[in-house]
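Engineer: Build me a model from this:
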Amino acid sequence: ERGGAFNHEWSTRNMRFFVQQGLERANAQQESVRIITTLYGPPAFMTQHHSPSSSVLKPGYKKDLALYMIDWVTYLKEHGYPVQYLSIHNEGTDWLRWPHYENHRNDVMLDRDYNLLWRPRDIAEFMAYMKPIMIRQGLSDVGLTPGEPINLFRFDHFGIAYEIARNAEALNSIDLITSHGFGIGNPLGRGYADAHNHGATLLHKDRPDLKTWITSMSWGQTGTIFCAEMYEHLYGNRASAIIPWAGIQRYSEWGEKNKHAACAITVLEDSTFQINKEYYFYKQYSRAGRPGMRVVKTYVNRPDVLIAAFAQDKSDHADAFVVINLGESLKYASDMIEFSFNVQDKNLYYSFPYKDPFLAFDQQTKSQMTGVQFAAQPTETGYIMEFAFPWQTLGGKPDSLFSFDAFARDGRDMPHGHIGWLGEKNSFTGKIKTGSVDQNDGRVVTISRVAQPLQIDGKKENGWMPASDYQLNHDLMPGTPPLISGIWNMRYDDAHLYVLVQMQDPSNEMGRLLEISLKGSRYESFRVVRTDELSENDHDLGVITARDGKINYLSPNHSVTTFIGVK
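Structural biologist: Model prediction:
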């Protein structure tokens, strides 16, 4: 109630326990910690709806709100928490969430967060009002930030930076630019975020000292995309710090509202936990970009490779850089086998992407896939895919003559890795016949019957012997040496036509050969640690020494590698 005491001890004990444990571990490792704390929601009595959820401030309660925040920060500092910044709101500019706008009702967003609605002018006016009170209450060493919109695009686009720039007292009160970092790479829409900090550029005209922190961002769908988004925050948004959202989660506590389920550590329902791949990707950055270092401009002559570099500057940390290779595919994950059949003038098409460890298929007409069996297994140099097509689905019968065409595609972004069998540009064009068909045409391949049905498991077992293997012919861009190769063969019985494809694809192993110039670095040797999406978490590659100021490094597709200088 108004005028009453706030019981921070009771209301925040679980959150503070987590922070206390983190502080103890950081101190034991001689690491420094700085805390930024954000208003998530005011006490209900301060709101017009008398509710802690989704509301607006009552007239005349501005001072109550300021003293509530100050009371919280004072409590933390008195208990030894190293609070450096106070942020005044958490996504309070996302206007579709509030009951005040029920004519724009959005069932997903409405009532989702405990916070006030903060208009750009409200933010500037409150900052100008808040800072003098903080100083009078003994918090002159705690910086004030203008809150955290969903992304920095909104900080500029909604007019927040403009309102601060035109309010001299607000401009004098801001100590740090803060924002969440969601939406990068999305199409234009509600979640859109352009990775250029135009709002900071506006404020830097009068406050060149201001830095930017990203206080929340999604862990993303894949580790390399997550690392690429951090690169965008560092170089596009010119952020000095990045804090991912909800690094430790227990999914059942969020229900269906959690749209960012990826995280570093998952707490399971039996109270155990698992460390996820995302943890190791974030670690690649956090071991390289340390407090006090300077972000270094980098250039890479490839759109799918990014390098984030950090200079020692005045810190005690060694020069370091992070190589992010987005690649055009995971290891065979987007390679594809495509089939075209013409059986008794009936045309069928199937495509089978090879996905490790899961397999999926697409088809132009869903009913065509009835009864088809397929399986895939990796090999040391590629993969095997095995198929059983029912004659009933193909529209033929065991004694058939049919046309057949198939292609192996080397990754979704490799159209010139398209390999054809029985195509016009290859050494053989013709038809397939089963062993009992009487056909004397020399342009026909004859396949044999099997005594027992073949097991479709992605393995070349004895049932395929001694079936003839037919070499895949390359149909690559002229002048480009073939990177993938393979063989295929067929068998049949009364029920099925069997096809086996065995691919060798060293291109997936090769990745990107990078020549990294270390111009300006005082280090010649670097400890190298890599994380990739399919296998390695932390793979220590040892120490690599530059030659003539350059490092040659073969970066696997969809991997992130950190180089840390060593004397």
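Engineer: give me the low-pLDDT residue ranges for the stretch 301-450 of the chain?
Structural biologist: 328-334, 354-369, 411-430, 435-443 (pLDDT under 70).
Engineer: Then the stretch 1-150 of the chain?
Structural biologist: For the stretch 1-150 of the chain, residues meeting the criterion pLDDT under 70 lie at 53-54, 96-113.
Engineer: Pretty sure residue 66 sits in a strand.
Structural biologist: No: assessed with DSSP: H, G, I helix; E, B strand; the rest coil, residue 66 is helix; it does not lie in a strand.
Engineer: thinking it is in contact with residue 127, fair?
Structural biologist: No: using CB atoms under 8 Å as the test, residue 66 is too far from residue 127 to be in contact (10.4 Å). Where C-beta positions appear, they are placed from N, C-alpha and C, glycine not excepted.
Engineer: And those two? Which one has more around it.
Structural biologist: A count of neighbours by other CB atoms under 10 Å puts residue 127 above the other of residue 66 and residue 127, at 24 against 19.
Engineer: Now the helix or strand containing that one: buried residues?
Structural biologist: Per DSSP states H and E, residue 127 falls inside helix 120-136. Across helix 120-136, burial judged by 16 or more other CB atoms under 10 Å covers 120-131, 134.
Engineer: Name the surrounding residues that touch the helix or strand hosting residue 529.
Structural biologist: In the assignment (DSSP H and E), residue 529 maps to strand 525-532. Contact with strand 525-532 is made by 223, 277, 280-281, 283-284, 287, 320, 536-546, 551, 553, 556, 558-567, as judged by CB atoms under 8 Å, 6 or more residues apart in numbering.
Engineer: Just checking: what are the partner strands of that strand?
Structural biologist: Using DSSP bridges, strand 525-532 pairs in its sheet with strand 539-545 (antiparallel), strand 559-566 (antiparallel).
Engineer: Give me the contacts around the helix holding residue 127.
Structural biologist: Contacts of helix 120-136 (CB under 8 Å, 6+ apart): 62-63, 65-67, 69-70, 86, 88-89, 93, 118, 140, 142, 144, 146-147, 158-160, 162-164, 166-167, 169-170, 172-174.
Engineer: Show me just the buried residues among the residues you listed.
Structural biologist: Buried subset of these (neighbour count, 16+ other CB under 10 Å): 62, 65-66, 69-70, 86, 88-89, 93, 118, 142, 144, 146-147, 158-160, 162-164, 167, 170, 173-174.
Engineer: could you show me where the helices are in this structure, in order?
Structural biologist: 8-11, 13-28, 62-78, 120-136, 152-157, 160-165, 168-173, 198-204, 223-235, 277-286, 391-394, 507-510 (DSSP state H).
Engineer: Mean neighbour count, these: which tops it?
Structural biologist: Compared across the helices of the chain, helix 152-157 shows the largest average neighbour count, a mean of 25 (mean count of other CB atoms under 10 Å).
Engineer: And that one, what does it pack against?
Structural biologist: Using 3 or more CB pairs under 8 Å, 6 or more residues apart in numbering; DSSP states H and E as the contact test, the elements touching helix 152-157 are helix 160-165, strand 177-180, helix 198-204.
Engineer: Report the distance from the shortest one to the chain centre.
Structural biologist: Its chain's C-alpha centre lies 20 Å from the corresponding centre of strand 177-180 when counted by CA atoms, centre = their mean, to the nearest Å.
Engineer: ditto for stretch 5-12
Structural biologist: Using CA atoms, centre = their mean, the offset of stretch 5-12 from its chain centre is 37 Å.
Engineer: Outside of it itself, which residues are in contact with it?
Structural biologist: 43, 68, 71-72, 75.
Engineer: Counting neighbours, what do you get for residue 399?
Structural biologist: 12.
Engineer: just checking, it touches residue 434?
Structural biologist: Yes: when contacts are counted by CB under 8 Å, residue 399 is listed as touching residue 434 (5.9 Å).
Engineer: still on that earlier bit, may I see the ChimeraX selection of the buried members of the contacts of strand 525-532?
Structural biologist: Applying 16+ other CB under 10 Å to those, the buried members can be selected in ChimeraX as follows:
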select :223,277,280,281,283,284,287,320,536,544,546,551,553,556,558,559,560,561,562,563,564,565
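Engineer: mind checking which of the helices of the chain is nearest residue 407?
Structural biologist: helix 507-510 (16.0 Å; CB to CB).
Engineer: who's in contact with the residue lying closest to residue 226 once chain neighbours are set aside?
Structural biologist: Nearest non-adjacent residue to residue 226, counting by CB to CB, 6 or more residues apart in numbering: residue 220, 3.8 Å away. Contacts for residue 220 (CB under 8 Å, 6+ apart) come out as 226, 229, 262, 278.
Engineer: Try it again at 7 Å.
Structural biologist: Each residue near residue 220 by CB atoms under 7 Å, 6 or more residues apart in numbering is listed here: 226, 229, 262.
Engineer: could these go into a markdown table alongside pLDDT and distance to residue 379?
Structural biologist: As requested, the contacts of residue 220 are exported to a markdown table (pLDDT from 0 to 100; distance: CB to CB, whole Å):
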| residue | pLDDT | distance to residue 379 |
| --- | --- | --- |
| 226 | 92 | 30 |
| 229 | 93 | 34 |
| 262 | 86 | 30 |
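Engineer: and of these, the nearest to residue 15?
Structural biologist: Looking across the contacts of residue 220 and measuring by CB to CB, the closest to residue 15 is residue 262, at 21.7 Å.
Engineer: Who are the contact partners of the closest one?
Structural biologist: Residue 262 sits next to 219-221, 278 when contact means CB under 7 Å, 6+ apart.
Engineer: again, only this time at 10 Å
Structural biologist: Contact analysis of residue 262 by CB atoms under 10 Å, 6 or more residues apart in numbering lists 218-223, 226, 244-246, 249, 276-278.
Engineer: Point out the ones among those residues that are inside strands.
Structural biologist: With strands taken from DSSP state E, the overlap with the contacts of residue 262 comprises residue 249.
Engineer: When you compare pLDDT across the contacts of residue 262, which one is lowest?
Structural biologist: Minimum pLDDT for those is recorded at residue 221 (73).
Engineer: What residue, apart from its backbone neighbours, is nearest that one spatially?
Structural biologist: residue 262 (6.8 Å).
Engineer: Same list, the contacts of residue 262, but as JSON lines with distance to residue 347 please.
Structural biologist: Shown next, in JSON lines, are the contacts of residue 262 (distance: CB to CB, whole Å):
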{"residue": "218", "distance to residue 347": "44"}
{"residue": "219", "distance to residue 347": "44"}
{"residue": "220", "distance to residue 347": "40"}
{"residue": "221", "distance to residue 347": "36"}
{"residue": "222", "distance to residue 347": "36"}
{"residue": "223", "distance to residue 347": "41"}
{"residue": "226", "distance to residue 347": "43"}
{"residue": "244", "distance to residue 347": "50"}
{"residue": "245", "distance to residue 347": "49"}
{"residue": "246", "distance to residue 347": "50"}
{"residue": "249", "distance to residue 347": "49"}
{"residue": "276", "distance to residue 347": "45"}
{"residue": "277", "distance to residue 347": "42"}
{"residue": "278", "distance to residue 347": "45"}
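Engineer: Between the two ends of stretch 140-152, how far is it?
Structural biologist: By CA to CA, to the nearest Å, the extent of stretch 140-152 from end to end equals 27 Å.
Engineer: Mind pulling up the pLDDT for residue 185?
Structural biologist: Residue 185 is assigned 69 on the pLDDT scale.
Engineer: a markdown table for the strands paired with strand 525-532, including distance to residue 292?
Structural biologist: Below are these laid out as a markdown table (distance: least, CB to CB, whole Å):
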| stretch | distance to residue 292 |
| --- | --- |
| strand 539-545 | 24 |
| strand 559-566 | 15 |
